[in-house]
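J.: Here's my sequence, what's the structure:
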Amino acid sequence: MTSTESGSTPNQPAQSAAEPTAEPAARPAAKDPWDLPDVSGLVVGVLGGTGPQGKGLAYRLARAGQKVIIGSRAADRAEAAAAELGNGVEGADNADCARRSDIVIVAVPWDGHAKTLEALRGELAGKLVVDCVNPLGFDKKGAYALKPEEGSAAEQAAALLPDSRVTAAFHHLSAVLLQDAEIERIDTDVMVLGEVRADTDLVQALASRIPGMRGVFAGRLRNAHQVESLVANLISVNRRYKAHAGLRITDVEPKAVQPGA
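T.: The predicted model follows:
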């Protein structure tokens, strides 16, 4: 009988019937999406921290116990805003803010987005950057989305900051609610986008430090345009209903632990 007839290949002996076969390697258990890292010891910088959105985010994060530095083109302006916010917030010029922070939130106006990031490319190298800028236009009909050449503000940031870890989040938050000291909780979800899970997990954890908020993974940066654009719809909702609308993702909850598990 030839080797082909015996079921083995030439120069390779047939396997003995008594020889045990190797068990397939077990697949690792899926990571719990709610198992997020501890970010309490990280310093958060907010570029554009003297504007409504940046100032509100700085206040909420600092109030939750995060170390926060707000940045502005003028250090004295940032220092004055920081003194107003309290809660240990510090003010600095944008370059110093970026250098001293572990995570840097970009909350500058869209018109100055590219110029600001280009000027800080060196200071932002190696940093986790969270872009929350919404490219919008306004006319007599209301707000409408703009489409950057790169696809979105977040993708523009990634193109301008090749040595940074760029993510996108915090797009749909009301600056009015963020800055209202009488409000204890803001019940909303924060859609987080990015290319690396470790980075998006950090941003989700940061969002979840604010009472009432949850950070929810929402895809890669190529999907950022529609997330940024949705703000135009929320502005229309707010105007019609005199509200401060946000988002809540349904059917996304931590799984309950079964007794004895």
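
J.: Tell me which stretches of the stretch 51-200 of the chain form helices.
T.: Read by DSSP state H, counting those that start in this stretch, the stretch 51-200 of the chain holds these helices, from start to end of the chain: 52-63, 75-85, 94-100, 113-119, 153-160, 175-179, 197-207.

J.: Any chance of those in CSV with mean pLDDT and mean neighbour count as columns?
T.: No exception for glycine: its C-beta is placed from N, CA and C like everyone else's. Converted to CSV, the helices of the stretch 51-200 of the chain look like this (pLDDT from 0 to 100; neighbours: other C-beta atoms under 10 Å):
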stretch, mean pLDDT, mean neighbour count
helix 52-63, 96, 24
helix 75-85, 95, 17
helix 94-100, 96, 21
helix 113-119, 97, 18
helix 153-160, 98, 24
helix 175-179, 95, 17
helix 197-207, 97, 22
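
J.: Relative to Ser40, which of these is closest?
T.: helix 197-207 (9.0 Å; C-beta to C-beta).

J.: how much distance is there from that closest one to the middle of the chain?
T.: The chain centre lies 6 Å from the centre of helix 197-207; the measure is C-alpha atoms, centre = their mean, to the nearest Å.

J.: Counting by contacts, list what it packs against.
T.: With contacts defined as 3 or more C-beta pairs under 8 Å, 6 or more residues apart in numbering; DSSP states H and E, the packing partners of helix 197-207 are strand 103-106, strand 128-131, strand 165-168, strand 188-194, strand 213-217.

J.: Tell me what angle that helix forms with helix 52-63.
T.: Relative orientation of helix 197-207 with respect to helix 52-63: 80 degrees, computed using axes from the mean of the first three to the mean of the last three C-alpha atoms, to 10 degrees.

J.: Show me the contact partners of helix 197-207.
T.: Helix 197-207 is contacted from outside by 36-39, 42, 44, 61, 66, 103, 128, 130, 165, 167, 169-170, 190, 192-194, 213-217, using C-beta atoms under 8 Å, 6 or more residues apart in numbering.

J.: what's the distance between the residue most central in space within the chain and Thr116?
T.: Centroid-nearest residue in the chain: Ala169, 3.7 Å away (criterion: C-alpha atoms, centre = their mean). Applying C-beta to C-beta, to the nearest Å, one obtains 18 Å for the distance of Ala169 from Thr116.

J.: quick one: contacts for the nearest residue to Ala74 once chain neighbours are set aside?
T.: On the basis of C-beta to C-beta, 6 or more residues apart in numbering, the spatially nearest residue to Ala74 that is not a chain neighbour turns out to be Asp93, at 6.9 Å. If you count contacts by C-beta under 8 Å, 6+ apart, Asp93 has them with Gly71, Ser72, Arg73, Ala74, Ala75, Ala78.

J.: Who are the contact partners of the fifth one?
T.: Right, the one you point to is Ala75. Ala75 makes contact with Gly91, Ala92, Asp93, Asp96, according to C-beta under 8 Å, 6+ apart.

J.: Test my guess that the last one contacts Gly71.
T.: Yes - in this structure, Asp96 sits in contact with Gly71. The criterion is C-beta atoms under 8 Å, and the distance is 7.3 Å.

J.: Turn the contacts of Asp93 into TSV, including distance to Thr200.
T.: Putting these into TSV (distance: C-beta to C-beta, whole Å) gives the following:
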residue	distance to Thr200
Gly71	23
Ser72	27
Arg73	29
Ala74	33
Ala75	31
Ala78	28
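
J.: farthest-separated two in those residues?
T.: By the measure C-beta to C-beta, the contacts of Asp93 have their two most distant members at Gly71 and Ala74, which lie 10.0 Å apart.

J.: Of those two, give the one with the bigger neighbour count.
T.: Applying other C-beta atoms under 10 Å to Gly71 and Ala74 shows that Gly71 carries more neighbours, namely 35 against 12.

J.: quick one: the more buried one and Leu117, what's the gap?
T.: When C-beta to C-beta is applied, the distance between Gly71 and Leu117 equals 12 Å.

J.: For stretch 134-143, measure first residue to last.
T.: When the termini of stretch 134-143 are compared using C-alpha to C-alpha, to the nearest Å, they are 11 Å apart.
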